[in-house]
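> here is a sequence with its predicted model. Questions after.
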Amino acid sequence: MANTLTITDNRTGKQYELPIEHDTIRAMELRKIKVKDDDFGMMTYDPAFMNTASCVSKITFIDGDKGILRYRGYPIEQLAEKSSHLEVAYLLMHGDLPTLPQLKEWTATIMGHTAVFDQLKNVLTGFPHDAHPMGMLGSLVAALSTYYPESRKISDPASMKLHVYRLIAKMPTLSAWCFRHRKGLAPVDPENGLSYTGNFLNMLYKSSGQRYTPDPVLERALDILFILHADHEQNCSTSTMRAIGSSQADPYVSMSGALSALNGSLHGGANEQVLLMLKEIGSKDHIPAFIKEVKEGNGEKRLMGFGHRVYKNYDPRAKIIKATADQVFGVTGRNPLLDIALELERIALQDEYFVKRKLYPNVDFYSGIIYQAMGFPTDFFTVLFAIPRAAGWIVQWSEMINDPEQKIARPRQVYLGSDERNYVPMNQRK
């Protein structure tokens with residue numbers, strides 16, 4: 001048969017025909033391969049899921065070798081140039097770009113849900129003012145579950161649609177709360193006459209009794225960054241969202257778990273690490289010495305912002321952010337770290353050591369420089385990742401909930417521990 005894989009088990013001489021669909025075999029087919037009839041059957045061992053598909057999806061396509069990223073088939077370059085974050089969120093949710101009336105209705109609905117219960121501010125005030133914003137944000141999102149107990153009814157489509165609106169809408173509000181709490185400032189209420197990113201900037205920076213008008217260049221730059229971060233296939237935080245949701249947990253606690261996964265320095269915190277690396281280098285003159293230490297491979301120096309689990313080519317999001325940086329710096333002034341970053345990129349892309357390993361700049365390499373220029377503290381960078389990713393998370397969660405093949409996530413293990421042993425009384429142990 002053309003669409004099958006023939007496996008010969010050299011232990012028994014038996015042959016097995018496994019069907020191939022979409023260049024994939026189902027792992028459960030391997031369970032047929034046994035030495036004895038009462039064996040458990042063959043499993044695959046795949047630490048970190050390097051080559052295991054846990055779902056089928058119609059949302060995001062990535063070709064890492066070619067540097068391609070598409071949402072619902074649309075190239076990320078076109079969306080970043082021509083779209084808005086809320087239009088992209090609609091696309092992710094519904095599968096197609098909206099008509100003008102659909103976009104107006106969607107935008108009005110989202111912006112109509114931006115307000116958060118005042119009682120939740122009591123949770124906020126319980127945090128110390130130096131608390132990490134991601135810890136606060138994850139707790140506040142989980143707390144929303146207690147205000148919307150009907151969110152546990154995940155089989156109710158009308159109810160679930162409402163929670164989609166709420167999560168996309170309230171993430172900027174809760175994030176702004178965390179930002180202002182760190183500064184000892186009271187929260188600012190949403191103003192729904194503003195855009196999604198304009199409203200967010202207003203809630204961050206508005207002074208009491210004064211009107212705040214976001215700079216249109218920075219507002220648009222932030223919108224582009226939000227588009228680039230809206231979804232990225234089955235990464236650590238997205239697969240966490242799906243795994244928690246597979247237990248039929250409500251979307252608020254599921255997203256709180258995704259926020260926890262995003263918080264790690266190898267995921268959402270990577271752009272903060274890039275900034276720390278550039279500050280450590282300090283000057284273009286120090287780059288050759290830094291590169292030398294990285295190549296020596298003692299583990300003490302790492303080239304942050306280069307390389308990606310999926311991309312083995314230039315991350316298409318990094319190209320867009322690099323182009324956006326010039327517009328931002330035209331307003332904020334040039335970030336001195338940019339010169340170090342540009343020279344570091346130039347050297348690394350010409351160095352055989354990095355070229356051979358396909359270490360190209362990723363989305364984190366330039367985003368932190370822009371965020372710093374816009375006045376965001378480094379530990380807030382991951383929050384700026386989380387706000388737009390909320391759209392992708394909730395869409396991925398919805399797709400998982402409606403997939404008839406999905407069950408509660410429960411990976412297998414290869415047990416290498418002791419065989420059966422008898423209990424040893426305390427006075428006989430050595």
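Sure, I can see it.

> break the protein into its domains for me.
73-262, 270-373 (automatic domain parsing).

> nearest to P19, out of those domains?
Nearest to P19 among the domains of the chain is domain 73-262 (22.7 Å), distances taken as C-beta to C-beta. Quick note: C-beta positions are derived from backbone N, CA and C, even for glycine.

> for the stretch 1-150 of the chain, what spans make up the strands?
Across the stretch 1-150 of the chain, reading from the start of the chain, the strands by DSSP state E, counting those that start in this stretch fall at 4-8, 15-19, 60-63, 68-71, 74-75.

> and among these, the most buried is which?
Per residue and on average, the most neighbours among the strands of the stretch 1-150 of the chain fall to strand 68-71, with a mean of 20 (mean count of other C-beta atoms under 10 Å).

> so what secondary structure elements neighbour that one?
Packed against strand 68-71, as judged by 3 or more C-beta pairs under 8 Å, 6 or more residues apart in numbering; DSSP states H and E, are the following elements: strand 60-63, helix 76-82, helix 85-94, helix 316-332.

> deepest-packed of these, please.
If you average neighbours per stretch using mean count of other C-beta under 10 Å, then among the helices and strands packed on strand 68-71 it is helix 85-94 that wins, with a mean of 22.

> how about residues contacting that helix?
Residues from elsewhere that reach helix 85-94 (C-beta atoms under 8 Å, 6 or more residues apart in numbering): 59, 71-72, 74, 79, 83, 97-98, 102-103, 106-107, 110, 164, 168, 195-197, 223, 226-227, 230-231, 388, 391-392, 394-395, 398.

> of those, just the buried ones, ChimeraX syntax please.
Buried subset of those, written as a ChimeraX selection, criterion 16 or more other C-beta atoms under 10 Å:
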select :59,71,72,74,79,83,97,98,103,106,107,110,164,168,195,196,197,223,226,227,230,231,388,391,392,394,395,398
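
> out of the domains of the chain, nearest to Q406?
Ranking these by their distance to Q406 (criterion: C-beta to C-beta) puts domain 73-262 first, at 6.0 Å.

> nearest to L278, out of the strands of the stretch 1-150 of the chain?
Put simply, out of these the one that sits nearest L278 is strand 68-71, at 24.8 Å, with distance taken as C-beta to C-beta.

> contacts for the closest one?
Contacting residues not belonging to strand 68-71 are listed as 59-62, 75-76, 79, 88, 91-92, 230-232, 316-317 [C-beta under 8 Å, 6+ apart].

> what are the ranges of the helices in the stretch 51-200 of the chain?
76-82, 85-94, 100-111, 121-125, 133-147, 157-182, 196-205 (DSSP state H, counting those that start in this stretch).

> and stretch 130-143, how far from the chain's centre?
Mean-position distance between stretch 130-143 and its chain equals 17 Å (C-alpha atoms, centre = their mean, to the nearest Å).

> do the same with stretch 209-217
Here stretch 209-217 shows a centroid-to-chain-centroid distance of 29 Å under the convention C-alpha atoms, centre = their mean.

> tell me the mean pLDDT over it?
For stretch 209-217, mean pLDDT rounds to 87.

> what residues sit buried inside it?
Within stretch 209-217, the residues that count as buried by 16+ other C-beta under 10 Å are P214.

> for stretch 403-411, same thing?
Within stretch 403-411, judged by 16+ other C-beta under 10 Å, the buried ones are 406, 409.

> what does it rub up against?
Around stretch 403-411, the neighbours that count as contacts under C-beta under 8 Å, 6+ apart are 54-56, 242-243, 246-248, 400.

> which stretches in the stretch 251-400 of the chain count as helices?
Remark: helices assigned in the stretch 251-400 of the chain by DSSP H, counting those that start in this stretch are 251-262, 270-281, 287-296, 316-332, 336-350, 352-356, 363-373, 381-401.

> show me what contacts I370?
If you count contacts by C-beta under 8 Å, 6+ apart, I370 has them with 221, 225, 321, 324-325, 328, 335.

> correct me if wrong: P98 contacts T109.
No: the pair P98 / T109 is not scored as a contact, 11.7 Å apart, by C-beta atoms under 8 Å.

> still on that earlier bit, what's the closest of the domains of the chain to L30?
Using C-beta to C-beta as the criterion, the shortest distance between L30 and the domains of the chain is 20.9 Å, found for domain 73-262.

> how far does that closest one stretch from start to finish?
End-to-end distance for domain 73-262: 25 Å, by C-alpha to C-alpha, to the nearest Å.

> what of stretch 68-75?
Taking C-alpha to C-alpha, the span from the opening residue of stretch 68-75 to its closing residue is 7 Å.

> now it: how far from the chain's centre is it?
The gap between the average C-alpha position of stretch 68-75 and the chain average comes to 16 Å, counting by C-alpha atoms, centre = their mean.

> before we move on, what about stretch 151-171?
Relative to its chain's centre, stretch 151-171 lies at 20 Å (C-alpha atoms, centre = their mean).

> low-confidence stretches in the stretch 201-350 of the chain?
Along the stretch 201-350 of the chain, the parts satisfying pLDDT under 70 run over 298-299.

> the spatially closest residue to T382 that is not a sequence neighbour: neighbour count?
Counting by C-beta to C-beta, 6 or more residues apart in numbering, T382 lies nearest to G268, which is 4.0 Å off, once chain neighbours are set aside. Taking other C-beta atoms under 10 Å as the neighbour definition, G268 ends up with a count of 26.

> tell me how far G268 lies from P47.
To P47, G268 is 22 Å away according to C-beta to C-beta, to the nearest Å.

> do G13 as well
With C-beta to C-beta as the criterion, G13 and P47 are 30 Å apart.

> now do G184
From G184 across to P47, the span is 45 Å (C-beta to C-beta).

> sorry, back to before: now tabulate the strands of the stretch 1-150 of the chain in CSV and tack on distance to M136 and mean pLDDT.
As requested, those are arranged in CSV below (distance: least, C-beta to C-beta, whole Å; pLDDT from 0 to 100):
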stretch, distance to M136, mean pLDDT
strand 4-8, 49, 94
strand 15-19, 48, 94
strand 60-63, 28, 94
strand 68-71, 29, 95
strand 74-75, 34, 96
